[in-house]
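S.K.: sequence? don't have it. structure:
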């Protein structure tokens, strides 16, 4: 059994990890930390069935780091830097769900997150945990930087095009996310009355931090074109799910069958990412409560525009499910274990 | 034109007042206070069209109390005591939407709200602002204590029975309220992800503060029976609306026509409270975004049980709409002005 | 592997069965019927990942009844009578999710469902599939009548009291259900715009068909008191979940610890039904997407009123999850298999 | 008083018209038709307060066309052709909320709607009822073709750019609409369980019929550039509201102040369409339940991309509110009458 420690277990990604790990046949919980609720049980801070409810929450300082084979860190960005480093130094493999180890370039991190990076050695060795792109490196990694939710959807939707050199000019990602993506800390933006029956763009253009991840990963694949990403996140009045509608101007006419083959070839062997049948678009319902990523292709006739629709569950493939997928890879298990 | 001051304009009852007063032909806004957002404009703190957006928010200390003909106080309980008193002393008529002046008995206030009442003289003179029960007293009032949202629904649903002496034994009010009833201050309970797709009882039995109001008002009507109210509020995943399902054991068999006549006689001339046709039950949709109170009667055949279903919009008839109805009565206007 | 046939696979209970059976280690799908979508694949009629999407839907007449070890029937009431009988005659064990085989008395069936029962022999042998009450009989059954969603919540909430003889007078079940309980067939009542931001009582008092089941089962437990059930269903604007708020007048003062012991003793060994800690009430969130039934007890001080709050997921413990639980019992498997 | 007839009063646009006309000081209802509910009262088919509930629904054949000064036609496309023509021939002015009289070119109508147009004379004289573009023509019109909901948002968002000749290349309209836009007729797509917690693109690219209207109107304004519209509608899980996120590649660098001045100059005197302050984006909350259209401008630094966010309420400015605005113009009333 893989002994698991979770730092920051009472946020949405922590709770979602627990929900899936309960069903994982090779995992057992060693300890759970929570700063806000240390000393309480899980059942005191969210509605849970008995076994889950009775698990203890300890402060981070009391976590037995060496008693865990893998540590999941579910803290916010900046806050994760130190605990991730401490866990690594204790010898545990670490899967960090924050943004702190995703950007390889410390300067880029400082630009986008407004804080210097104090663990640049660790940063250099961290692997960006998107299995569809980095499966082999993940298998060898000691620190996996689990991708952001929006980037997972945008990168998976554009990667086949990037590899082929078919991104050019302005690429638009009009993305919509459920409210759990904003975290569990109460705020006016996430107040039920403000979000319900509402729909809001925010940080549109080139201001959202997730742009850095998307560009880093897509640039690695690209054959050298000059293109720019416009990313417009919107807050959807649902609990979970991301739908990204991606607009690409193909550099030349491409036959529909060739385009579909490109995606089929890329993802045909993937356990969780799949191309929808011709004529279908991705919807949240395709992936809710699952680790799947659904992709639909819509070419606009008599035009070079390709519309790629991508759906994931932001808490699963966009966070905790992908983290478990990464854990399975790290420990040489069937990648789908506990995730179906 | 009636010059209006609003203390605490950026909570949900304050914003709802503004929304309705914009359409009121005899009202003009003199000033708006906000502690949390003083110095900003309304458009900075909520999504609003231009005229509304540009209204200034001042701190309470700067409010020109004597420049208002009527002051609406939209502060939380306890916090309203002082400002209401100050506004009264400046000569303005006051409509207080908090609970601070609803309970005639200072000891009861202290029991339920956990704070002493420092303005017992004012408390004695305050009129409970439920027009269906106290229209004449409201017309003469200098301080109107606007009823709570749950009490409005429960009292209107039971008042005809109380007057007739038909309440007895255990009377159950199973009430369900939209999330705006919990206020605009962010909390885990009102976080979108916690409230959405959820439904929760809270403070059930005889622990919710609104029981005091309900019993005070119904006891005044009752002819002396011995009965007890059980009140179970639940949080509904909607923005606005209250539905109360009331269960009464009639002390004797009552003919359906007689029962309907009792309610028709009580409310037939009311501008906002109405009895639904036979066979219909009240739903939130009957009253959303309106100052109406809809009442349905369902007798259980071969039983003494009567089920009364009552629907109001918690922010309108349950708060700001009723406050304007009271203002209309105070100033001798058509009671419906600005409310249709 | 247990070979499974599902009659009526494209309604919500059929789709939910499929969702859970995919994870069941001892189950394999033999065939799926659908009248409305025969000849199509599952992916044509709902958003699904590839393996599920590609399953064929056949007409009922083509189902290989003898090729299934167990047949789940997910048809509406009345429509299920014939197919259930045919499946039984072919030798398969049958779990019927409709109401057609729940009432032991054919006359009662005809009264409540407005149709005669044409399979009274089968009806006599059917076992009401609530494991908490009938586990041993289920293990021997050839036809299991899976309980209704509302009855599951109400019976589990009241059964300990019924056994002890503590039901008396009027017992009120104020129940609230998500919209999936109304089925997948489009109607004005289930139109998004009509149900969203709304909340509606319907069939309140003693008119809803589920009363028959509740009384049948509770009467079997009761020691002979005279009591009457009032049942008020309401439509909640959520996809899934039932919360029943039950009001019981205890015949005598009962100590809180004794009351809790009564429920703990009844359900302590149950895999899915559990008592919440003292002071907690059941909410939808306790059971969403799970086969759990959560029960909270709230006594009203200085009163004989006991409020029991019960939460289940109407599509899981209230339908398809409980059906799988019954299948596990029928086949001698761990009752929790595939359900955690 | 303007006597008003409504054909098809029990769909969402008809009901919304009634809701607003009740408050209109110069309007009175002459008659309401409904094919599905003729012979019933309004209260039989939707939850309404008493005055509204008691209005009679008659079959279209019994409508006293000459007894109405203005007839609103709320039928679906194709179905509206005949009744609109009949109403016009009887002498009433007509405001048609369907798509039947919006496209000036009968061939285009036939292409997009799959039916020939049988009233091409009327079609030629119909005025596209977007006051911001055609106020003077509307004032003289006998038949106003009320714009579609999506087109209202897209045209108002792009019109200033079109006039200036700043549309070029591919213009993307990523639009999201609440479910009421799909009408009141039950369907699987609008079933609560299918739409709730979901989000779906549909008819994306260049297949949605509303493209024809958008291009017709924008082409009239444009100074001759070559550009193409990509339009991607999505179904939002809210009752009402449209948010369109528009992506335009400006043909040259444009100063932010100049861009804002372009919109301010265009809409500064408009009663309902307004530009949000710098730095703000449009959200549904800006316009819910109002006739406003809110526009936000976001330029992407170091890029030629301009993002225009536009919010309207699809049932108000996108349908019935705009229809009343048109009625006010037709009858020489204050354009805002009954709409604030």
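M.R.: Received, thanks. What you see is a predicted model; the values in this text were computed from it and never measured.

S.K.: so how far is the helix ranked longest in chain A from its chain's centroid?
M.R.: Secondary structure of chain A per DSSP state H: the longest helix is helix A:149-164. Chain-centre distance of helix A:149-164: 12 Å, with CA atoms, centre = their mean, to the nearest Å.

S.K.: ok, residues contacting stretch A:196-204?
M.R.: A:176, A:231-237, B:179, B:192, B:196, B:237-239, C:197, D:176, D:236, D:238-241, D:243, D:245, D:281-285, D:288, D:296, D:298, D:307, D:309 (CB atoms under 8 Å, 6 or more residues apart in numbering or on different chains). Using the backbone N, CA and C atoms, a C-beta is placed for each residue, glycine as well.

S.K.: Swap in 6 Å and give it another go.
M.R.: A:232-235, A:237, B:239, D:176, D:236, D:238, D:243, D:281, D:283-285, D:298, D:307, D:309 (CB atoms under 6 Å, 6 or more residues apart in numbering or on different chains).

S.K.: repeat for stretch A:48-64
M.R.: Stretch A:48-64 is contacted by residues A:5, A:31-34, A:37-38, A:40-43, C:274, C:292 when judged by CB under 6 Å, 6+ apart.

S.K.: contacting residues around residue A:116?
M.R.: Counting by CB under 6 Å, 6+ apart, residue A:116 touches residue A:110.

S.K.: do you know how far it is from residue A:110?
M.R.: Separation of residue A:116 from residue A:110 (CB to CB, to the nearest Å): 5 Å.

S.K.: Please apply the same query to residue A:76.
M.R.: According to CB to CB, residue A:76 stands 17 Å off from residue A:110.

S.K.: go on, residue A:281?
M.R.: Noted for residue A:281: a distance of 39 Å to residue A:110, by CB to CB.

S.K.: And those two? Which one has more around it.
M.R.: Set side by side, residue A:281 and residue A:110 show more neighbours around residue A:281, with 25 against 13, by other CB atoms under 10 Å in any protein chain shown.

S.K.: Give me the distance from the helix or strand of chain A with the lowest mean pLDDT to the chain's centre.
M.R.: Least confident element among the helices and strands of chain A, by mean pLDDT, DSSP states H and E: helix A:50-53 (a mean of 87). The chain centroid and the centroid of helix A:50-53 are separated by 27 Å, computed with CA atoms, centre = their mean.

S.K.: How about stretch A:158-172, which residues are buried there?
M.R.: A:158-164, A:166-172 (16 or more other CB atoms under 10 Å in any protein chain shown).

S.K.: Just the closest of those residues to chain B, please.
M.R.: Closest approach between those and chain B, by CB to the nearest CB: residue A:172, at 24.8 Å.

S.K.: Name the nearest residue to that closest one, ignoring sequence neighbours.
M.R.: Excluding its sequence neighbours, the residue lying closest to residue A:172 (CB to CB, 6 or more residues apart in numbering or on different chains) is residue A:247, at 4.2 Å.

S.K.: For that neighbour, give me the backbone phi and psi.
M.R.: Here is the backbone geometry of residue A:247 (degrees, to the nearest 10): phi -110, psi 120.

S.K.: who's in contact with it?
M.R.: A:172, A:307, D:172.

S.K.: rerun at 10 Å
M.R.: For residue A:247, the contacting residues are A:170-174, A:230, A:300, A:305-308, D:170, D:172, D:174, D:204, D:230, D:232, D:247, by CB atoms under 10 Å, 6 or more residues apart in numbering or on different chains.

S.K.: Sort out for me which of those are in strands.
M.R.: Filtering the contacts of residue A:247 for membership in strands, criterion DSSP state E, returns A:170-174, A:230, A:305-308, D:170, D:172, D:174, D:230, D:232, D:247.

S.K.: follow-up on the earlier one: mind putting the contacts of stretch A:48-64 into a markdown table with secondary structure, pLDDT and neighbour count?
M.R.: As requested, the contacts of stretch A:48-64 are arranged in a markdown table below (DSSP: H, G, I helix; E, B strand; the rest coil; pLDDT from 0 to 100; neighbours: other CB atoms under 10 Å in any protein chain shown):
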| residue | secondary structure | pLDDT | neighbour count |
| --- | --- | --- | --- |
| A:5 | strand | 98 | 26 |
| A:31 | strand | 97 | 22 |
| A:32 | strand | 97 | 26 |
| A:33 | strand | 97 | 25 |
| A:34 | coil | 96 | 23 |
| A:37 | coil | 94 | 18 |
| A:38 | coil | 94 | 16 |
| A:40 | coil | 96 | 13 |
| A:41 | strand | 95 | 16 |
| A:42 | helix | 94 | 23 |
| A:43 | helix | 93 | 19 |
| C:274 | strand | 98 | 21 |
| C:292 | coil | 98 | 25 |
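
S.K.: and the residue of the stretch 51-200 of chain A found nearest chain C, how many residues sit next to it?
M.R.: The minimum distance from the stretch 51-200 of chain A to chain C, using CB to the nearest CB, falls at residue A:197 (6.8 Å). A total of 24 residues lie near residue A:197 under the criterion other CB under 10 Å.

S.K.: next one: residue A:56
M.R.: Around residue A:56 there are 12 residues (other CB under 10 Å).

S.K.: Who does it form a beta bridge with?
M.R.: Under the criterion DSSP bridges, residue A:56 forms beta bridges with residue A:41.

S.K.: per-residue confidence at it?
M.R.: In this model, residue A:56 is scored at 95, pLDDT.

S.K.: Bridged to residue A:93, which residues?
M.R.: Beta bridges link residue A:93 to residue A:70, judged by DSSP bridges.

S.K.: Quick one: residues contacting it.
M.R.: For residue A:93, the contact set (CB under 10 Å, 6+ apart) comprises A:2, A:68-71, A:87, A:141-144, A:326-327, A:330-331.

S.K.: Ok, residue A:241 next?
M.R.: A:149, A:153, A:176-178, A:180-181, A:283-289, A:311-316, A:318, D:197-199.

S.K.: picking up where we left off before, tell me which of the contacts of residue A:93 is nearest to residue D:261?
M.R.: residue A:144 (50.4 Å; CB to CB).

S.K.: any idea what residue A:251 is structurally, helix, strand or coil?
M.R.: Following DSSP: H, G, I helix; E, B strand; the rest coil, the label given to residue A:251 is coil.

S.K.: what about residue A:78, how many neighbours?
M.R.: 17.

S.K.: So it is in contact with residue A:101, correct?
M.R.: No: taking contacts as CB atoms under 10 Å, residue A:78 lies outside contact range of residue A:101: 11.8 Å.

S.K.: can you pull the pLDDT of residue A:250?
M.R.: Residue A:250 is given a pLDDT of 95.

S.K.: Quick check: it vs chain C, distance?
M.R.: Separation of residue A:250 from chain C (CB to the nearest CB, to the nearest Å) stands at 26 Å.

S.K.: Just confirm yes or no for the longest helix of chain A near chain C.
M.R.: No: Helix A:149-164 stays clear of chain C (CB under 10 Å from any CB of the partner chain), getting no nearer than 14.7 Å.

S.K.: That helix and chain B, any residue contact?
M.R.: No: against chain B, helix A:149-164 shows no contacts by CB under 10 Å from any CB, the least distance being 14.0 Å.

S.K.: Kindly report the same for stretch A:287-305.
M.R.: No: shown here: stretch A:287-305 not in contact with chain B (CB under 10 Å from any CB), separated by at least 11.3 Å.

S.K.: ends of that stretch, how far apart?
M.R.: One end of stretch A:287-305 to the other measures 25 Å (CA to CA, to the nearest Å).
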